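**Student:** predicted structure and sequence below. I'll ask about it afterward.
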Amino acid sequence: MRRGKRIIVLAPILTAALVGNANLAIPYWVELEHKYVSASKFEIDIPPKGWRLKAPVEDELIFTRDGLSLQSLKIGCRAIEKEFPFTKKKLAKEMRVEQVAEVIIDDFSLNPMISDLHVTENGTADVGGRIGFKIIYSYQTKDKLKKEGIYYGALVDQWYYYIYFEAPARHYFPRDQSTFEKIKETFKITL
């Protein structure tokens, strides 16, 4: 009798795992060919073999090679009126590149999961064929792991585009930085 009850209890869990229930935090990974084309907003070549793509949500792609805590490469597009998770600051069409970068830095600095944020570079850059910004930064996680990141962003009409890479400062960041830069060079804003 006990055995039957265990099967009944496990059945919903196994069913949820098979269909990718987000409540159980089971990532769903997909394969892409050579290029991703968003609904007429951007396109990008995908990372080389060995990198995996978490199932796209809206217009955001998240790639990893060894797991999201070891490296994450995020590419996306969002409406400028969409709120950021931590800052109360908002984006606006008339903002200068430096002002947009400051909103992103403010959002990073207010994230309760990180501490000791250091921005080592903040300047203009080409982002998908548009004028945008590049931020190089580092921080420490709650588990005392030092991570480094490179973040590119651009404001175009009512859309905010971004592509960034984060990984632990030791081993993973230096190993995968060149892959990120190659992928970044294929990023094109098609709006």
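**Tutor:** Great, that's in hand. Numbering: from 1, shown residues only.
**Student:** ok now stretch 134-144, how far from the chain's centre?
**Tutor:** How far stretch 134-144 lies from its chain's middle: 14 Å, per Cα atoms, centre = their mean, to the nearest Å.
**Student:** how about stretch 173-180?
**Tutor:** 15 Å.
**Student:** may I see the buried residues of that stretch?
**Tutor:** Within stretch 173-180, the residues that count as buried by 16 or more other Cβ atoms under 10 Å are 173, 176, 179-180. For glycine as for every other residue, the C-beta is placed from the backbone atoms N, C-alpha and C.
**Student:** which outside residues touch it?
**Tutor:** Where contact means Cβ atoms under 8 Å, 6 or more residues apart in numbering, the residues beyond stretch 173-180 that reach it are 47-48, 51, 65, 71, 73, 147-148, 150, 165-167.
**Student:** show the average pLDDT along it.
**Tutor:** For stretch 173-180, mean pLDDT rounds to 96.
**Student:** stretch 77-94 too?
**Tutor:** The pLDDT scores in stretch 77-94 average 95.
**Student:** mind listing the helices for this protein?
**Tutor:** Taking DSSP state H as the test, the helices found in the chain are 2-19, 97-109, 172-186.
**Student:** now do the contacts for the closest residue to Gly123 other than its chain neighbours.
**Tutor:** With Cβ to Cβ, 6 or more residues apart in numbering as the criterion, Gly123 has its nearest non-adjacent residue at 6.1 Å, and that residue is Lys134. Lys134 makes contact with 121-125, 127, 150-152, according to Cβ under 8 Å, 6+ apart.
**Student:** what is the nearest of those residues to Lys142?
**Tutor:** Set against Lys142, the nearest of the contacts of Lys134 by Cβ to Cβ is Tyr151 (20.3 Å).
**Student:** can you check the pLDDT for that closest one?
**Tutor:** 98.
**Student:** Pro47 now?
**Tutor:** 80.
**Student:** quick check on it: phi, psi?
**Tutor:** phi -60, psi 170 (degrees, to the nearest 10).
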